[in-house]
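> Attaching a predicted model along with its sequence, questions to come.
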Amino acid sequence: MSDRTWLGVEFLKLIYKDAEASEKFIEHCLTIFAISNQLEVMYGNRLEFFTKSELAELSHFPRPLPDAFISLKNSDQPRARTKHFFLEIFEDTMPFFVIVKRISQYSDYFEAIIDSPDNIEAIQKVFETNLFGEIRVTNAARKLMTQGKIIFISSIHGKLGNGRPSAIGYSASKAALDSYMKNLAKALAPDILVNSIAPGRT
C-alpha cells in the first residue's frame, strides 16, 4: 500500500469516525478520488467535479444521488459549450436497466435545470426561487409585522459578480436580491429593519 493510499484511508476513517466505515466503502471512495485526480490532470480548469456530499446540499438534485457529477468545457474559450456527466460506480451484478434509468433521469434533469449563460429557462427557475420566492415570503410576513427585522440569505457571489459560468443565474439572482433588500430597507425604515447576510463557501 502506497503512502498516498494510506493517507487516503486514514483521512476517510477520520471523517467517518462516528460511523462504521467498511473496507469496501473506503475502497469505493478512493476509487472516486483517483478518478477525480486523473480527470483534473487531463482537463485542468475545464473540469468541475462535484462529489456526492456536495450534491446532497442541492435539494432539487435528482435522487438517488450519483457518486459524482462532472461538468466539462469543450475548450478554454470563454463561450465554450459545457457538457455534463454523472459518475456512478456499479458492481458487475447491477442490472442493466438500473443504469439506463439513471442515465435517462439525469439527462432530463440537466436539460431542464442546469445553470448556464445559454439556458434562459434555468436562469428563470433560479430567479423564481432565490428572488421571487423571497419576495413572496416577505410580503406575507409584512402583513403580520408592525416592527422588527427582515434578514435575507444572500451570497458573496452576488456582491463580487465573479461566480463560475455554471452558476451565472445563481450569482445574478443574489445580486438582484441585494438590490431588492436595499430598496425595501428604505421603504420600511425606521419601523422594520431590513438587511442581508452574504456567506461565502459553506
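Thanks, I have the structure now. Numbering: from 1, shown residues only.

> So Ile151 sits against Ala198, correct?
No. Applying CB atoms under 8 Å as the test, Ile151 and Ala198 come out as separate, 11.3 Å apart. Where you see a C-beta, it was placed from the backbone N, CA and C, and this is true even at glycine.

> In terms of packing, which of these two has more residues around it?
Ala198 (16 against 11; other CB atoms under 10 Å).

> ok, now which ones touch the more buried one?
Contacts for Ala198 were tallied using CB atoms under 8 Å, 6 or more residues apart in numbering; they are Ser154, Ser155, Ile156, Gly158, Lys159, Lys174, Asp178.

> how about 6 Å then?
Contacts for Ala198 (CB atoms under 6 Å, 6 or more residues apart in numbering) come out as Ser154, Ser155, Ile156, Lys159.

> How is this structure divided into domains?
3-114, 121-197 (automatic domain parsing).

> Which secondary structure element of the protein has the lowest mean pLDDT?
Lowest on mean pLDDT, DSSP states H and E among the helices and strands of the chain sits helix 3-15, with a mean of 53.

> Could you list the low-confidence segments of this protein?
Where the chain drops to pLDDT under 70, the residues are 1-21, 59-60, 78-79, 90-115, 161-166, 200-202.

> what ranges do the strands span in it?
Under the criterion DSSP state E, strands of the chain are mapped to 47-51, 68-73, 82-87, 148-153, 192-197.

> buried subset of the contacts of Ala198?
Of all the contacts of Ala198 considered here, the ones buried according to neighbour count by 16 or more other CB atoms under 10 Å are Ser154, Ser155.

> and of the contacts of Ala198, the nearest to Phe69?
Ser155 (20.2 Å; CB to CB).

> That closest one reaches Ala172, doesn't it?
No. Contact criterion CB atoms under 6 Å: Ser155 and Ala172 do not qualify, at 10.8 Å.

> Relative to Gly158, how far out is Asn119?
Using CB to CB, to the nearest Å, one obtains 19 Å as the distance from Asn119 to Gly158.

> Next: Phe49.
Phe49 is 24 Å from Gly158, by CB to CB.

> Right, I'll leave it there.
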